[in-house]
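Enquirer: when you get a sec, could you give me coordinates for this:
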Amino acid sequence: MLADLYGRLEQDSWRQNQGFTSEVAQTTQLLLEATTDEQRAAILGGWLEKFQPCLFGRVAARKGLISYCFLTEDDLLSPDLVIRNKIQQARTLWTRLAYEGKRSAFILLAVSDRLVNALPNENLLAFTKQLASLFLLEDVAQDQIYMDEIFLEMPGRSRTTWRWNVGVNYFGAAGDGRWWQDHRIPGGIGFSTNSVGHLIKSGQIAEKMAELQDLLGEKDDTFIATKVSSLPTALEWAMRTIHNASNSPSGKATELLARESNATVLACPVKLPNFLEDRNHCTYRGWYHTDITIPGEYFRADVERPANLPFHQLDFTYLFNAELTNPDYVTTATGRRVRSIEDDELPGPEKTDRLIPAIVSIADEPRLIEAL
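Expert: Numbering: from 1, shown residues only. The predicted structure follows:
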């Protein structure tokens, strides 16, 4: 049970001597002192808006597009069934709000002083895998890619609905000051899901709905627009995110590569700013794999990056390469349409009956009399 694994966590002696950066220490203290989830959401959202290196995460936090689920120490000492049910209730609410275009990201955060100061080792890894399993409702292993899913319905009679795969990534307080600190988070440990494709399409709908509301003299804040207005824009933002990776004790854990002049390289779909125009828009390098849910290398006490870690060649092309050999463009970026009105209104017996003509008297049809 998660409570048993929680009891096995060990204190990080390096952390006791090193402490945390001021922004993590202050935010952690506020999270530990908070008494409601509403307070915790405001506190964490404020931190994400300023200190989360992912620009998409910052936008989502600023616009209120993140749903949260917080587990306190009392929750963590409860039976697994109770913990699982709390997570799934929050996950279901997020699914509904995302379907309505009101959310694009979800964060599960276990908040406790013991987790904040836990040594990143096999005990914390076991706890993390069990927490992930309660979240994703399947057995979760380290060094694997796990996906959640998110949906969006277009307003109107067509009820067109899209589905996206969305990655699930681990974040922990132990990362603060270590080589993988771009995956740090105040308050404890948790998981983040963030769909760029959903963020873009819901924003595009919001922009058009705002134009319609202005035309009609109406105001409705249901739909939230952002500056991430297209997939080419998202490519630039993704490159900016990697470019802005923090300088850890071992340098940047992810970095842009030099642009290739090879004729076979895919054309860049957007005009990049000067500081990015000589960078590779197809691939980048990471000392951890940005798609892996629970990287095993996060659960070592090393402060500096271990010398034997390989680097990973990572991908930007899911945001613009529409070739059949790149299905991620559909499943992760544009979204796959899973429903439209035609799916819901296939003729059934009662609809078929309405297609059968009937003989009526003109005298019994006032609208027809008026028309004639």
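Enquirer: and the strands in the stretch 251-372 of the chain?
Expert: 254-258, 279-286, 312-315, 336-339 (DSSP state E, counting those that start in this stretch).
Enquirer: meant to ask about the stretch 1-150 of the chain, not that
Expert: Along the stretch 1-150 of the chain, counting by DSSP E, counting those that start in this stretch, strands occupy 66-71, 105-111, 147-153.
Enquirer: winner for burial among those strands?
Expert: strand 105-111 (a mean of 25; mean count of other CB atoms under 10 Å). C-beta: built from backbone N, CA, C; applies to glycine.
Enquirer: returning to what we had before: the strands of the stretch 1-150 of the chain: lowest mean pLDDT?
Expert: Per-stretch mean pLDDT for the strands of the stretch 1-150 of the chain is lowest at strand 147-153 (a mean of 93).
Enquirer: on that earlier part again, the strands of the stretch 251-372 of the chain into TSV, with extra columns for mean neighbour count and mean pLDDT?
Expert: Formatted as TSV, the strands of the stretch 251-372 of the chain follow (neighbours: other CB atoms under 10 Å; pLDDT from 0 to 100):
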stretch	mean neighbour count	mean pLDDT
strand 254-258	16	95
strand 279-286	19	95
strand 312-315	15	94
strand 336-339	14	87
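Enquirer: which one of those lies nearest to residue 139?
Expert: Closest to residue 139 of these is strand 312-315 (CB to CB; 24.1 Å).
Enquirer: okay, and the helix or strand of this protein with the least pLDDT?
Expert: When the helices and strands of the chain are scored by mean pLDDT, DSSP states H and E, helix 349-354 comes last with a mean of 48.
Enquirer: if we can go back for a sec, any idea which of the strands of the stretch 251-372 of the chain gets closest to residue 324?
Expert: Counting by CB to CB, residue 324 lies closest to strand 336-339 out of those; the figure is 14.0 Å.
Enquirer: partner strands of the closest one and their direction?
Expert: strand 161-172 (antiparallel) (DSSP bridges).
Enquirer: give me the buried positions along the partner strand.
Expert: Buried positions in strand 161-172, judged by neighbour count with 16 or more other CB atoms under 10 Å: 161-172.
Enquirer: what's the answer for stretch 86-95, then?
Expert: Within stretch 86-95, the residues that count as buried by 16+ other CB under 10 Å are 86-87, 90-91, 94-95.
Enquirer: kindly report the same for stretch 318-333.
Expert: By 16+ other CB under 10 Å, the buried positions in stretch 318-333 come out as 318-321, 326, 329-333.
Enquirer: in helices, which of those fall?
Expert: For the buried residues of stretch 318-333, not one is inside helices, with DSSP state H as the criterion.
Enquirer: these two touch, right, residue 305 and residue 252?
Expert: No. Using CB atoms under 8 Å, residue 305 is not in contact with residue 252; the gap is 10.3 Å.
Enquirer: from the buried residues of stretch 318-333, pick the one nearest residue 138.
Expert: Distances from residue 138 to these, taken by CB to CB, are shortest for residue 331, at 18.5 Å.
Enquirer: and the gap between that closest one and residue 177?
Expert: Distance of residue 331 to residue 177, given as CB to CB, to the nearest Å: 36 Å.
Enquirer: same thing with residue 340?
Expert: Counting by CB to CB - residue 340 and residue 177 are separated by 50 Å.
Enquirer: between these two, tell me which one has more neighbours.
Expert: Neighbour tally, residue 340 and residue 177, criterion other CB atoms under 10 Å: the higher count belongs to residue 177, 17 against 13.
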